[in-house]
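Undergrad: Here is the input, now give the coordinates:
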Amino acid sequence: MAHVAVRTDDYEDGAVPAVCVATGEPADVLVEHHSRAGAGAWVLLLLLLGPVGVVAMIVVDRLLSREAQGLVPMTRAALAEAKARRRRWEGAALVALAVAVAAAVLAVAVAGLRPGAWVAALLAGAVAVTLYLTPGRLGVTGRPDRRGRTVTLDGVDPAFARAYRAQDAARAEARRRAMGTATTAPLPR
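TA: Numbers count the residues shown, from 1 in each chain. Alright, predicted model coming up:
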């Protein structure tokens, strides 16, 4: 799989080549896609502060994360497979959440309200949430850049990456030609 930096305007408008991001085949549909770049794994260290750390982690992640909504091309078959994969991941996350709840109940029953028991239960809950959020809905993940100019799509088919780069190069060449003809005329005084 490949990655490609897509202009944010193209991503939001779906102005990308009609090549499936998952298979590289001609695409039939544009699918909504959510891209997010979080604050980083270091915010998990805030969990060491206990319940206050959980709140701090959520606040810091929200303040430092970047998000973008866009459209990516897919085939109907690839979309159906991505939805099935997502359902499997959600099932695994529910199992992990059930384990986390059981761990919390067991921690209270066995150890009382000791902080160590709650840390174990919180970590199990963090695993459940991570399982739920980790997989890209379509198997393709996106990361908006800090300036908001591009979204880097990871896990795309190399054919999509080549097609987008060719589209972007053609647009840049057309812009250069337009600028070249515009600069030959004398500037008004």
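Undergrad: Please identify the buried residues of the longest helix along the chain?
TA: Taking DSSP state H as the criterion, the chain has its longest helix at helix 76-111. By neighbour count on 16 or more other CB atoms under 10 Å, the buried set for helix 76-111 is 78-79, 81-82, 89, 93, 96-97, 100, 103-104, 107. Heads up, the C-betas are built off the backbone N, CA and C, glycines and all.
Undergrad: Closest one to Gly180 out of those residues, please.
TA: Ala78 (40.7 Å; CB to CB).
Undergrad: Just confirm the closest one contacts Thr23, I think it does.
TA: Yes - if you go by CB atoms under 8 Å, Ala78 and Thr23 touch, sitting 5.1 Å apart.
Undergrad: any chance you could map the strands in the chain?
TA: Using DSSP state E, the strands of the chain run over 2-7, 29-37, 66-74, 141-144, 150-156.
Undergrad: Could you work out which of these reaches nearest to Gly14?
TA: strand 66-74 (3.2 Å).
Undergrad: how far off strand 29-37 does that closest one point, in degrees?
TA: Angle, strand 66-74 to strand 29-37, by axes from the mean of the first three to the mean of the last three CA atoms, to 10 degrees: 150 degrees.
Undergrad: Begin at 3 from now on, thanks
TA: In the new numbering, first residue 3, that becomes strand 68-76.
Undergrad: Can you tell me the strand partners of strand 68-76 and which way each runs?
TA: Next to strand 68-76 in the sheet, as set by DSSP bridges, lie strand 31-39 (antiparallel).
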